[in-house]
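1. Show me how the following folds:
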Amino acid sequence: MNAFFTSQNFRSLLLPIVVLVGILGFRSWYFTTNYDEGEVAANFSGELLGGARFELSDLRGSYVLLDFWGSWCGPCRREAPALKAIHDEVGDRLNIVSVAIERSSQNWQKAIQQDERSWPYHLMEQTESTRFLSGPISDLYGVNQLPTHFLIDPEGMVVGVNMGWNEIMSAVE
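-> Take a look at the predicted model:
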């Protein structure tokens, strides 16, 4: 038997392996949203960027892409052109509802303009810390990382979570 695989070496490797498996298991659990494919998406209401009242259930009858993002989130900002392209191509069949987790409404509004997020449904959840994402809507959906997307079908069912852009386009067409 190889001298490396002694019981002493095995015991010294066991703890790091158990810790690593524990960390990976916790991360998997923590970043799992509250909704899976085939579940009814929870209704919520809020105030849109312009001050109008919004309710998710008002969009029944069309596809909805629920987009959780932040002006401070690099990956969120980098995906804005893809979201804009989807909106431009299938905007008549898909409503994008962007929910921003923000400390500052000024940064949020500035990012909407800079990123050309031209769709009408923008909500903001005020938070003291962007380290821990929290707000009524993000908590309802179990969002613990940004960006996170939920595709909701015209009947209000979740079609998928964090789907690829091509999958979203295929589902909507």
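2. does residue 82 really touch residue 166, like I thought?
-> No - here residue 82 lies out of contact with residue 166, judged by C-beta atoms under 8 Å, at a distance of 10.3 Å. C-betas here are computed from N, CA, C, even on glycine.
3. The two - which one has more neighbours?
-> residue 82 (12 against 8; other C-beta atoms under 10 Å).
4. mind showing which ranges of this protein have poor pLDDT?
-> In the predicted model, the chain carries pLDDT under 70 at residues 1-36, 129-132.
5. At which residues are the strands of it located?
-> Secondary structure of the chain, counting by DSSP state E: strands at 45-47, 53-55, 63-69, 94-102, 121-126, 148-152, 158-161.
6. which stretch among those strands comes nearest residue 39?
-> strand 158-161 (5.1 Å; C-beta to C-beta).
7. so what does that closest one touch, helix or strand wise?
-> Taking 3 or more C-beta pairs under 8 Å, 6 or more residues apart in numbering; DSSP states H and E as contact, the helices and strands that strand 158-161 lies on are strand 148-152, helix 165-172.
8. give me every residue that touches the nearest residue to residue 71 once chain neighbours are set aside.
-> What sits nearest to residue 71 in space, not counting adjacent residues and going by C-beta to C-beta, 6 or more residues apart in numbering, is residue 111, at 3.5 Å. Each residue near residue 111 by C-beta atoms under 8 Å, 6 or more residues apart in numbering is listed here: 71, 77, 100, 117.
9. Understood, closing this out.
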